[in-house]
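In: quick check, what structure comes out for this input:
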Amino acid sequence: MENFSDELKIAIEGLKDADASVRRASAESIGFMNDVPEIVIKQLTGRLADPDKGVRDAVSFALINLDSPVIGELVVPFVSSTDISIRNLAGEVLLKKGLSVVDSMLGYIDKGDDDDKKFVIDILGLIGDLKPASKISEVLRQTENENVVLACIEALGNIKCETAVPQIISFYEVSELYGPTIIEALGKIGGNEALNFIMDKYDTVDELTKFSMIESIGLIGDAESFFKLLSDLKNLSGPTAWAAIETLNTLKDNFQLDVPFDEHIKNAVLKTLIEADVRFKRAASNLITVFNDKEVIEVCLKIYGEDQEIDDNIKTKFIENAKVFYSKLPNYIKQNPTNLKELLDLFKEILEIEGGNALREVSQIEFYNLTEIFTLNLDNPAEEIRRTCIEMLFYLNPETAFMFLDTIINDNNMWNKMRVVEILEYFDDPRGIEAIKKLAEDPEEMVSEKAKILLQNKQ
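Out: Numbering: from 1, shown residues only. As a prediction, this is how the structure comes out:
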């Protein structure tokens, strides 16, 4: 230690301190040093099994940050720890170190038990380098442990080992347990052999395996598999149908294919929009653009505001079918939806885009219903919603707005009242003048000053 710097000597001693905070600070300090000697790396690595979690975390950070060829061989044995937290920490370090520790991990595969083999092979797969492929294939040939088999197949898929495709396929008939993992691996690897195998088995598998197949087809499918999936869509339901929608959308974009105007397809897309997770809804919102009817608009109203990508896709449908949008909006809003604000903002945006042309085509009763949704929300708890309602009432039907003027000018939000003053500037109506006079007496100074200036200008 005589050649070590004073800082390093202090840190080495600190690793042995009874106080966990001192050990933690020492580990952190070493992690930021350059050219740390192997003997110190060894002492530091030993603290991966420290009883204090904070110390263990500091050690793992330091090992990830340091650059030393011995880290791999020193850390790998910790994957055999009976303490799951230490085991996982070692795995995290190895994964972050990546290619530099692959050789050390390969050398440990035959030393550990089946649990260790699985753990190390999982990490090798996540690192994603092809170098371990032959060793993983060897383990796959020799092992009788189902968990190790699954780990090998998954890892060969993650590293995209094309030469392993025949070996992976050979396990398909061995156990039903392997099916989904095999299909997922083949999807990651790709190639004609993998795709042909998946399509050959497609009609004979259970729902779980079919779900994996459909996801894999999204990765490696072609035009033929696109049309196969289209024809099968009417037979699918739930998450399997959602996955099919996502894959169809992917293949449609990849191969510039057209989705036919088919009732079964439309229903599957709409159900996905209503029931699925956001990931699948995004794909469905892209596919829905080929359909034009009232039912589509009704469903899209329910999901608008959930996700920006979905909104961008379905907004096109609303703009293209503005008249239907105007007619369907009131009944839905009367159900007190959670996306009220988003829909009112959308109304303003569509009105601005289409210039009111579609609005002039709606019936008298439909126009009344539209006006009513704004009067009903003048006392909404959300100030932004009230502001939008005020603006839209004066734009759509000033007469109705003046009927509700007392409610409007008694809004409890200063900015809303400021907006009312701005709007009233454009009307020469005695009721408006009376409202401005009342606002000129408003306790909010900014409101009263603005109203007084407007009164002077109107006199």
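
In: elements contacting the longest helix seen in the chain?
Out: If each helix of the chain is counted by residues according to DSSP state H, the longest one is helix 238-255. Here helix 238-255 touches helix 207-220, helix 223-232, helix 263-275, helix 278-287, going by 3 or more CB pairs under 8 Å, 6 or more residues apart in numbering; DSSP states H and E. Heads up, the C-betas are built off the backbone N, CA and C, glycines and all.

In: of those helices, which is nearest residue 123?
Out: With CB to CB as the criterion, residue 123 lies closest to helix 207-220 of these, at 22.5 Å.

In: now that closest one against helix 223-232, angle please.
Out: Using axes from the mean of the first three to the mean of the last three CA atoms, to 10 degrees, one finds that helix 207-220 and helix 223-232 are set 140 degrees apart in direction.

In: what sits up against helix 207-220?
Out: Contacts made with helix 207-220 from outside it, assessed by CB atoms under 8 Å, 6 or more residues apart in numbering, are listed as 179-181, 183-184, 186-188, 190-191, 194-195, 198-199, 201-202, 205, 225, 229, 236, 239-240, 243-244, 246-247, 250-251.

In: which parts of that helix are buried?
Out: Within helix 207-220, the residues that qualify as buried by neighbour count (16 or more other CB atoms under 10 Å) are 209, 210, 211, 212, 213, 214, 215, 216, 217, 218, 219, 220.

In: now do the buried residues in stretch 383-391.
Out: Buried positions in stretch 383-391, judged by neighbour count with 16+ other CB under 10 Å: 385, 386, 387, 388, 389, 390, 391.

In: ok now that stretch, how far from the chain's centre?
Out: Average the C-alpha atoms of stretch 383-391, do the same for its chain, and the two points are 31 Å apart (CA atoms, centre = their mean, to the nearest Å).

In: ok, residues contacting that stretch?
Out: Residues lying outside stretch 383-391 but in contact with it, judged by CB under 8 Å, 6+ apart, are 340-341, 344-345, 348, 374-375, 377-380, 401, 408, 411, 413, 415-416, 419-420, 423.

In: one more time with 10 Å, if that's ok
Out: Stretch 383-391 has contacts (CB atoms under 10 Å, 6 or more residues apart in numbering) with 340-341, 344-345, 347-348, 373-380, 382, 401, 404-405, 407-409, 411-420, 422-423.

In: list only buried entries from those.
Out: Among the contacts of stretch 383-391, those classed as buried by 16+ other CB under 10 Å are 340-341, 344-345, 347, 373-375, 377-378, 380, 401, 404-405, 408-409, 411, 416-420, 423.

In: please flag which of the residues you listed sit within strands.
Out: When strands are assigned by DSSP state E, not one member of those lies inside them.

In: restricted to helices, list those residues.
Out: Of the buried ones among the contacts of stretch 383-391, the ones assigned to helices by DSSP H are 340-341, 344-345, 347, 373-375, 401, 405, 408-409, 416-420, 423.

In: show me the contacts for residue 252.
Out: Residue 252 sits in contact with 223, 226, 230, 258, 259, 283, 286, 287, 290, where contact means CB under 10 Å, 6+ apart.
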